[in-house]
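Peer 1: using only what follows, build the 3D model:
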Amino acid sequence: MTNSCILFCSYIMFVLLFLVPTSLLITKQIYLLLETNVSIRSLTNYFNKKQSTVLSDQFYVNLLNFYLERKKIFLSISLSELYIYSYPSQRNCVYKSLGQCYQQSGFFYIAEYYYLLYLSISNDSLSVLYSLLEIYNRLDNRAKISLVQDQISQRSGFNSFDDL
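Peer 2: Numbers count the residues shown, from 1 in each chain. Just a heads-up that it's a prediction; the model follows:
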């Protein structure tokens with residue numbers, strides 16, 4: 001009787017320690033596959049319905065995030081380059097996105113180039129300055145680190161005075 005109780009307890013422990021986490025992992029993977037499938041179907045339907053219409057900024061950002069979440073850096077960069085070629089008036093949004101893509105893939109000099117292009121057009125982004133600061137820290141460029149820190153402190157102080 002005690003052997004069967006010990007056997008039953010060991011069976012329950014095995015189930016709790018191994019099968020439950022495994023089933024949760026499998027459930028999460030199935031959910032991600034279904035989410036990807038639904039996203040791809042909705043994108044396909046969007047392109048089939050609106051082949052000749054202008055793509056919205058929100059659609060571009062959603063598609064870009066879709067690729068970035070799946071670590072498809074090349075597709076993200078290709079999409080951004082296509083979008084900037086098709087809609088040059090939206091280049092400030094695209095430059096920031098390209099900087100993020102290249103920074104995530106480890107091409108820091110190219111990311112710096114796109115961030116600087118973004119700052120030359122739109123001078124109001126602290127997030128881009130923080131990204132540049134991170135790039136310069138990784139490249140160990142002390143002179144540029146101090147310049148970016150000065151700009152951040154100036155813009156932070158300027159923004160705090162605007163709130164008053």
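Peer 1: contacts and neighbour counts: CA atoms only from here.
Peer 2: Fine.
Peer 1: got the confidence number for the nearest residue to residue 110 once chain neighbours are set aside?
Peer 2: Distance criterion Cα to Cα, 6 or more residues apart in numbering; nearest residue to residue 110, sequence neighbours excluded, is residue 102 at 6.5 Å. Confidence at residue 102, expressed as pLDDT, is 89.
Peer 1: how close does residue 102 sit to residue 142?
Peer 2: Per Cα to Cα, to the nearest Å, residue 102 is found 21 Å from residue 142.
Peer 1: likewise residue 88?
Peer 2: Residue 88 sits at a distance of 34 Å from residue 142 (criterion: Cα to Cα).
Peer 1: residues contacting the residue nearest to the spatial centre of the chain?
Peer 2: The residue lying closest to the centre of the chain (Cα atoms, centre = their mean) is residue 68, at 4.8 Å. Taking Cα atoms under 8 Å, 6 or more residues apart in numbering as the criterion, residue 68 is in contact with 76, 101.
Peer 1: follow-up on the earlier one: more neighbours: residue 102 and residue 142, which one.
Peer 2: The residue with more neighbours, out of residue 102 and residue 142, is residue 102; 21 against 10, by other Cα atoms under 10 Å.
Peer 1: dump the C-alpha coordinates for the helix or strand where the more buried one lies into CSV.
Peer 2: Per DSSP states H and E, residue 102 falls inside helix 91-105. What follows is helix 91-105 as a C-alpha-only set of coordinates in CSV (Å, rounded to 0.1, in the frame of the first residue of the first chain):
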residue,chain,number,x,y,z
ARG,A,91,11.1,60.1,-44.2
ASN,A,92,11.5,61.3,-40.6
CYS,A,93,9.5,58.2,-39.4
VAL,A,94,11.4,55.9,-41.7
TYR,A,95,14.8,57.2,-40.6
LYS,A,96,14.1,56.5,-37.0
SER,A,97,12.9,53.0,-37.9
LEU,A,98,15.9,52.3,-40.0
GLY,A,99,18.2,53.5,-37.1
GLN,A,100,16.4,51.1,-34.8
CYS,A,101,16.7,48.2,-37.2
TYR,A,102,20.4,48.7,-37.8
GLN,A,103,21.1,49.3,-34.1
GLN,A,104,19.3,46.0,-33.3
SER,A,105,21.4,44.2,-35.9
